[in-house]
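**Student:** Below: sequence and its predicted model.
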Amino acid sequence: MVTPLQFDMCVAAQTLYRSGALIRYMHNSSLRDGFLSGSANGVPAVNRLLAKLPKNEYMRLLPKMKTVNLVLGQGLYEPGAAIKYIYFPNNSIISLISEVSGTAWLEVGMVGNEGMAGLPVFMGVSSSGTRALVQGSGTAMRMSSAAVRKEANQLGSLHRLLHRYSHSLLTQVAQSSVCNRFHLVNARLARWLLMTNDRLGVEKFPLTQEFLSNMLGVRREGVSKAAGTLQAAKLIRYSRGVITLLDRRGLEAKSCECYAIIKAESDVYLN
């Protein structure tokens, strides 16, 4: 039986999203390999949504779950395609991506250890209009869509938690849309870095300007200028595609109010 603190030694299928930015990103082995096990003290984190379940309900779910390794750039499901698996991240991050055109895309949601990727299945829909892409490598608990549907229909604690998480994620998506439309790139970058830090639990992670420009929906020049401003203020250090958070409180001050709204909703749902 798999426990939430065990790694599955079998590497999950690594089907990469065929974006030139991500392929080049993955080819940097020093960044890739250093990011595969970003858990605190060598112990994988536990998905906080699953941790809120009563012990008996969690133990009933456990045989239906498998711990898998998620690799940066890995596509989990595509727009319009059937969602085969649901993922509960432990110490990984999954971005929900909306394609703007054939070559442009934008992150509309971020899923970490506070939630799950594949929420349309819980809502009775077999596919999604967004792409699920691994933004931060780590582990996740995986369940088949059929198992999630069956469990959710039992109207137990999982059903109630997923209803509350649905509201939390919708709040994030709505607030991110407002943020992307009205706020300056500096503030949006600070928000994004804080959200990533909350979900990964580490202050240092690989991040290219090209990847981040796609996440924020701005030109690389805009990302470079915003990162330079935060670095000049000694809030972050950005070197060779790696960002290190130096002053979290300072980043919170630079971020727009969207970060506080999104975090408060997530905290309420979990507590």
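**Tutor:** The structure has been received and is ready for your questions. Numbering: from 1, shown residues only.
**Student:** show me the contacts for Gly136.
**Tutor:** With contact taken as Cβ atoms under 8 Å, 6 or more residues apart in numbering, Gly136 is in contact with 35, 38, 72, 92-93, 112, 196, 199-200, 205. Using the backbone N, CA and C atoms, a C-beta is placed for each residue, glycine as well.
**Student:** For Met215, grab phi and psi.
**Tutor:** phi -60, psi -40 (degrees, to the nearest 10).
**Student:** Please verify my assumption that it contacts Trp192.
**Tutor:** Yes - between Met215 and Trp192 there is a contact under Cβ atoms under 8 Å: 6.5 Å.
**Student:** one step back: tell me the one among the contacts of Gly136 nearest to Asn186.
**Tutor:** Distance to Asn186, by Cβ to Cβ, is smallest for Thr196 among those, at 16.0 Å.
**Student:** pLDDT score for that closest one?
**Tutor:** At Thr196, the model reports a pLDDT of 92.
**Student:** Look up how far Val202 lies from it.
**Tutor:** Distance from Thr196 to Val202, counting by Cβ to Cβ, to the nearest Å: 9 Å.
**Student:** which of those two has more neighbours?
**Tutor:** Thr196 (21 against 17; other Cβ atoms under 10 Å).
**Student:** pretty sure that one contacts Met110?
**Tutor:** Yes - under the criterion of Cβ under 8 Å, Thr196 makes contact with Met110 at 7.4 Å.
**Student:** Can you work out which residues contact both of the two?
**Tutor:** Joint contacts of Thr196 and Met110 (Cβ under 8 Å, 6+ apart) are 93, 135.
**Student:** any idea how far Trp192 lies from Gly124?
**Tutor:** For Trp192 relative to Gly124 (Cβ to Cβ), the value is 31 Å.
**Student:** Looking at those two, which has the bigger crowd around it?
**Tutor:** Trp192 (20 against 9).
**Student:** Mind telling me what element that one is part of?
**Tutor:** helix 185-200 (DSSP states H and E).
**Student:** could you turn that helix into PDB, dropping everything but the C-alphas?
**Tutor:** Taking Å, rounded to 0.1, in the frame of the first residue of the first chain, the C-alpha atoms of helix 185-200 are listed here in PDB:
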ATOM      1  CA  VAL A 185       4.000  43.700 -14.700                       C
ATOM      2  CA  ASN A 186       6.100  44.300 -11.600                       C
ATOM      3  CA  ALA A 187       3.200  43.600  -9.300                       C
ATOM      4  CA  ARG A 188       2.000  40.600 -11.300                       C
ATOM      5  CA  LEU A 189       5.400  39.100 -11.300                       C
ATOM      6  CA  ALA A 190       5.600  39.500  -7.500                       C
ATOM      7  CA  ARG A 191       2.200  37.900  -7.100                       C
ATOM      8  CA  TRP A 192       3.200  35.000  -9.300                       C
ATOM      9  CA  LEU A 193       6.500  34.400  -7.500                       C
ATOM     10  CA  LEU A 194       4.700  34.500  -4.100                       C
ATOM     11  CA  MET A 195       2.100  32.000  -5.300                       C
ATOM     12  CA  THR A 196       4.800  29.700  -6.600                       C
ATOM     13  CA  ASN A 197       6.700  29.900  -3.300                       C
ATOM     14  CA  ASP A 198       3.500  29.100  -1.300                       C
ATOM     15  CA  ARG A 199       3.000  25.900  -3.300                       C
ATOM     16  CA  LEU A 200       6.600  24.700  -3.700                       C
END
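**Student:** Just the buried positions in the helix or strand that comes right after that helix, please.
**Tutor:** As assigned by DSSP H and E, the chain's next helix or strand after helix 185-200 is strand 204-206. Using 16 or more other Cβ atoms under 10 Å as the test for burial, strand 204-206 gives 205-206.
**Student:** For strand 204-206, which strands pair with it and how are they oriented?
**Tutor:** Strand 204-206 pairs in its sheet with strand 242-245 (antiparallel), by DSSP bridges.
**Student:** For the following helix or strand past the partner strand, buried residues please.
**Tutor:** For strand 242-245, the succeeding helix or strand toward the C-terminus, using DSSP H and E, is helix 248-254. Within helix 248-254, the residues that count as buried by 16+ other Cβ under 10 Å are 250-251, 254.
**Student:** Could you dump these into a markdown table and include pLDDT and distance to Gln135?
**Tutor:** Below are these laid out as a markdown table (pLDDT from 0 to 100; distance: Cβ to Cβ, whole Å):
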| residue | pLDDT | distance to Gln135 |
| --- | --- | --- |
| Gly250 | 96 | 23 |
| Leu251 | 96 | 18 |
| Lys254 | 94 | 21 |
